[in-house]
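Participant: Here is the input, now give the coordinates:
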Amino acid sequence: MEKQVLNYRIIIEPEKMGRKIVYNAACPTLGVYDYGDSIDEVLKSIKDGIELAIECLRDEGQEIPVDDTEKGVVIATQVEAPANIQLAIS
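Facilitator: Model (predicted):
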């Protein structure tokens, strides 16, 4: 069976749950979301979810949405803030 490689944008954000940090992952293009105790764990889990979503769409005869990752831009920016502020993970 011939296969093709599809690229999807994944957003991973840490979330504080009590004393521990978990990682939330989202693939907005397919509406797939998951979480894990580490970045590696959540990446594996979201990949499984993406593959399942693609299989379900295929089985239902629907088009498979894909990201145009060559046109996409991912930006992380730094800003200056006063030194005496209290920071929290949001």
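
Participant: Tell me the secondary structure of residue 57, please.
Facilitator: Here residue 57 is helix, with the state taken from DSSP: H, G, I helix; E, B strand; the rest coil.

Participant: That one and residue 51 touch, don't they?
Facilitator: No: with contact defined as C-beta atoms under 8 Å, residue 57 does not count as touching residue 51 (11.0 Å). Where you see a C-beta, it was placed from the backbone N, CA and C, and this is true even at glycine.

Participant: Walking through this structure, point out its strands one by one.
Facilitator: Taking DSSP state E to define them, one finds strands in the chain at 11-17, 20-27, 32-36.

Participant: what are the pairing partners of the longest one, and which direction each?
Facilitator: So that's strand 20-27. Next to strand 20-27 in the sheet, as set by DSSP bridges, lie strand 11-17 (antiparallel), strand 32-36 (antiparallel).

Participant: what does it contact?
Facilitator: With contacts defined as C-beta atoms under 8 Å, 6 or more residues apart in numbering, strand 20-27 is touched by 8-15, 32-39, 41-43, 45-46, 49-50, 53, 89.

Participant: Any stretches of this structure with poor pLDDT?
Facilitator: Scanning the chain with the threshold set as pLDDT under 70 gives 1, 69-82, 84-90.

Participant: now the helices for it?
Facilitator: Taking DSSP state H to define them, one finds helices in the chain at 39-59.

Participant: With respect to residue 65, which of the strands of the chain lies nearest?
Facilitator: Residue 65 lies closest to strand 20-27 among those, at 10.1 Å (C-beta to C-beta).

Participant: Report the inter-axis angle for that closest one versus helix 39-59.
Facilitator: For strand 20-27 against helix 39-59, the angle by axes from the mean of the first three to the mean of the last three C-alpha atoms, to 10 degrees is 30 degrees.
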